[in-house]
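# got a sequence here, can you build the structure:
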Amino acid sequence: MENQLEHLQICLNALIEKFNAQSADNASLTSRIQELEQEKRQLITQYDGQLADKEQNHTEQVNTLQATSDKQINDLKVENTVLRATLIDTADAIKTLLSRLPKVVQEEIEQ
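Next up is the predicted model:
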């Protein structure tokens, strides 16, 4: 009976050692999980910050391109208006000059 009690005590001690080892492993794993979760939160925060920066840069670039293209379009419209007016004035001047030419010269020009 004493042998059985000793054997039971040995088994119980072994189980206690295993339990303590498992508890230590569990505490270590729990600590590691917390570290990884903190690292994950930091990475998400960094990613969100980088994404926000890229979105802001993209928006600024789009706005700059839009402003530049709007200015170029307006400049071209102004230039077009000036050139049209110049063309009309030139055509009117040519018509006036042609009307002053003698009839014979006009007929030669038309041929």
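# next, residue 49: phi, psi?
Dihedral angles of residue 49 (phi, psi; degrees, to the nearest 10) stand at phi -60, psi -40.
# give me the neighbour count for it.
If you count neighbours by other C-beta atoms under 10 Å, residue 49 ends up with 10. Quick note: C-beta positions are derived from backbone N, CA and C, even for glycine.
# now swap in residue 48 and tell me
Residue 48: 10 neighbours (other C-beta under 10 Å).
# give me the element it is part of.
Here residue 48 sits within helix 2-100, counting by DSSP states H and E.
# quick one: low-confidence parts of the protein?
Residue ranges of the chain with pLDDT under 70: 103-107, 111.
# please redo it, this time with the cut-off set to 90
Flagging of the chain using pLDDT under 90 yields the residue ranges 1-7, 94-111.
# what residues are up against residue 65?
Contacts for residue 65 (C-beta atoms under 8 Å, 6 or more residues apart in numbering) come out as none.
# next one: it from residue 29, what distance?
Going from residue 65 to residue 29 by C-beta to C-beta, to the nearest Å gives 52 Å.
# ok, how many other residues are close to residue 76?
Residues near residue 76, counting by other C-beta under 10 Å, number 10.
# let me see the contact set for it.
Residues in contact with residue 76 (C-beta under 8 Å, 6+ apart): none are found.
# so what's the residue count around residue 90?
Residue 90: 10 surrounding residues under other C-beta under 10 Å.
# likewise residue 108?
Residues near residue 108, counting by other C-beta under 10 Å: 10.
# check which helix or strand it maps to.
Per DSSP H and E: helix 103-110 holds residue 108.
# distance between stretch 81-94 and the chain's centre?
In this view, stretch 81-94 has its centroid 47 Å away from the chain centroid, taken as C-alpha atoms, centre = their mean, to the nearest Å.
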